[in-house]
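Novice: okay, here's the prediction I keep looking at, along with the sequence it came from:
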Amino acid sequence: MTDTLFDDFIHVRPRLAILVRLARSGWVEFIQVRQSVGCSDSALSKQVSALQAAGYTEVCKMTERHRRRTWIRLTEEGSAALMRHLDALERLAAQVRGPTPPR
C-alpha cells in the first residue's frame, strides 16, 4: 500500500472496529463497545489503551451505584485519523473497481 494516508495502526481489525463504533456516538460505555466489536474485556482494554496512547480515544472511569463503569470516546485527532484512513481505503477500492460506469 503506497497511500500515505493509509494507517497501519488503525487498520488492525479490532482498532478499526472500535473507532467505527465510536465515530458518531460521543461517549460509549465499555460494555457497548465490547458487544459491538465482539472481543473479550482484556482484548478490548488492550486495544483501547493503544488507541488512547496514540491520542485517538479518551477514557473516563467512574463509580456509579457501587459499580465501576468505563466510558470511551473518539478524540478529534482520532476522528481525523479515521477519516483519512477511510479515504485511503476508498481510493484503494476505486483502483480495484475502476471507473464508475455512467448511468
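Specialist: Structure received. Numbers count the residues shown, from 1 in each chain.

Novice: from now on I want contacts and neighbour counts done on CA atoms only, so please keep to that.
Specialist: Will do.

Novice: tally up the residues packed near Leu74, please.
Specialist: Leu74 has 27 neighbours, counted by other C-alpha atoms under 10 Å.

Novice: give the bridge partners for it, please.
Specialist: Judged by DSSP bridges, the bridge partners of Leu74 are Thr57.

Novice: correct me, but it touches Val59?
Specialist: No: contact status for Leu74 versus Val59: not in contact, 9.1 Å apart, counting by C-alpha atoms under 8 Å.

Novice: packing partners of the helix or strand containing Gln47?
Specialist: Using DSSP states H and E, the element containing Gln47 is helix 41-53. Here helix 41-53 touches helix 13-22, strand 57-64, going by 3 or more C-alpha pairs under 8 Å, 6 or more residues apart in numbering; DSSP states H and E.

Novice: flag every buried residue along that helix.
Specialist: Judged by neighbour count using 16 or more other C-alpha atoms under 10 Å, the buried positions of helix 41-53 are 44, 47-49, 51-52.

Novice: what do you get for stretch 7-14?
Specialist: Under the neighbour-count criterion of 16+ other C-alpha under 10 Å, stretch 7-14 has 7, 10, 14 buried.
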